[in-house]
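K.L.:
3D, please:
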Amino acid sequence: MITIQSDLFEFAYVPDWYRHLHDLKCMALPEAWQFKKPAVETKNAETPILERYIHTIFRKQAIEFNSEQEDNKALKYFYIENECACFHTGLYTPSYKGIYGCFFRNKKQDSMLEWYFKGFCDEMSPWLKYIEPLPERPVYHMTQQGLNFNPEWSIRVNVEHILGDEENLNRIPAKIRKAKNLPLLLETAVELARRKAVIEPGLISAQGYMGRVQYLLPIYLTKMNKPDLAMTLTVMDGYYLGNTCLTLEMAYLNARAIAKPSAPWLLELIK
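P.N.:
A predicted model of the protein is given here:
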């Protein structure tokens, strides 16, 4: 049985990583891969969103491969045989050809890792000439009830957990973080956002979590026209459970793992 390391850099030797990301950006359908005003400066200033996306997709496909090595099911997530390995990035060229991350057996002396990252290529590349079938596009399993967000469902907010968790609390604007009525403010903001979603279906975005789909609800605490953070909503039996708050950048990165975001409040973050 083959086990794939879920971290790209632990699986393969990857020289000149940022050049590969630049090549991928040029190869794929046009998309913004930078935040307008990043909360945290990163070494990769050109494609930080793309970098996070590729690491997320690689990890997802590797985990799926490792858990389904029966009847060749694993090969739909990740091809790894003989001298070549590859996975579908979930991205496409302007002519809608799938883009793959491609690896060859490592024969370089710079690293002891078994695989070497050759680069990104589309399905017509000679690198993939002898691979059939190619790995499938990454997808997230959606529960039957969660195929579409239902704004009529109630949202149960785990206020005690959110406000009692330091990471969650620190994502709430500092100027209201110590407000005595913060629990009420949070619950009210969630209900307001749910009502907005009734008349603005495009307000809600999906995110991938543990191989499943959750929803991202923008939370307006200090301004009515600009969200301060996002709440993750888990699909339950006839209602949603809000357990975690995310910064807007975290929400964008998580949403992009599933699809190019279209919610206006997320699009305002990128350039």
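K.L.:
need the contact list for Tyr79.
P.N.:
85-87, 131, 134-135 (CB atoms under 8 Å, 6 or more residues apart in numbering). C-beta here means a position set from N, CA and C on the backbone, and glycine is covered the same way.
K.L.:
Format the CA atom coordinates belonging to stretch 27-45 as PDB.
P.N.:
Taking C-alpha atoms only, stretch 27-45 is exported to PDB below (Å, rounded to 0.1, in the frame of the first residue of the first chain):
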ATOM      1  CA  MET A  27      -1.400  29.300 -17.400                       C
ATOM      2  CA  ALA A  28      -4.700  29.300 -15.600                       C
ATOM      3  CA  LEU A  29      -7.900  31.300 -16.300                       C
ATOM      4  CA  PRO A  30      -7.400  34.900 -15.100                       C
ATOM      5  CA  GLU A  31      -8.000  35.300 -11.400                       C
ATOM      6  CA  ALA A  32      -6.900  37.600  -8.600                       C
ATOM      7  CA  TRP A  33      -4.400  35.800  -6.400                       C
ATOM      8  CA  GLN A  34      -3.600  38.700  -4.000                       C
ATOM      9  CA  PHE A  35      -5.400  40.600  -1.300                       C
ATOM     10  CA  LYS A  36      -5.700  44.400  -1.600                       C
ATOM     11  CA  LYS A  37      -4.600  45.100   1.900                       C
ATOM     12  CA  PRO A  38      -3.200  41.900   3.400                       C
ATOM     13  CA  ALA A  39      -3.500  41.600   7.200                       C
ATOM     14  CA  VAL A  40      -0.200  39.800   7.300                       C
ATOM     15  CA  GLU A  41       2.700  40.300   4.900                       C
ATOM     16  CA  THR A  42       4.000  37.100   3.300                       C
ATOM     17  CA  LYS A  43       7.200  36.200   1.500                       C
ATOM     18  CA  ASN A  44       5.200  35.500  -1.600                       C
ATOM     19  CA  ALA A  45       3.700  38.800  -2.500                       C
END
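K.L.:
Flag every buried residue along it.
P.N.:
Judged by neighbour count (16 or more other CB atoms under 10 Å), stretch 27-45 contains these buried residues: 27-28, 33-35, 44.
K.L.:
Most distant residue from the centre of the protein?
P.N.:
Lys180 (34.6 Å; CA atoms, centre = their mean).
K.L.:
how much space between that residue and Leu163?
P.N.:
Using CB to CB, to the nearest Å, Lys180 is found at 12 Å from Leu163.
K.L.:
repeat for Met124
P.N.:
Met124 is 53 Å from Leu163, by CB to CB.
K.L.:
now swap in Tyr140 and tell me
P.N.:
Taking CB to CB, one finds Tyr140 at 29 Å from Leu163.
K.L.:
And the helices in the stretch 1-150 of the chain, which stretches?
P.N.:
Applying DSSP state H, counting those that start in this stretch to the stretch 1-150 of the chain gives helices spanning 8-11, 17-27, 48-67.
K.L.:
Tabulate those helices (JSON lines), appending mean pLDDT.
P.N.:
Compiled in JSON lines, those are given as follows (pLDDT from 0 to 100):
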{"stretch": "helix 8-11", "mean pLDDT": "97"}
{"stretch": "helix 17-27", "mean pLDDT": "98"}
{"stretch": "helix 48-67", "mean pLDDT": "96"}
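K.L.:
I'd like the ones you listed written out as a markdown table, with distance to Val159 added.
P.N.:
Rendered in a markdown table, the data for the helices of the stretch 1-150 of the chain read as follows (distance: least, CB to CB, whole Å):
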| stretch | distance to Val159 |
| --- | --- |
| helix 8-11 | 37 |
| helix 17-27 | 40 |
| helix 48-67 | 29 |
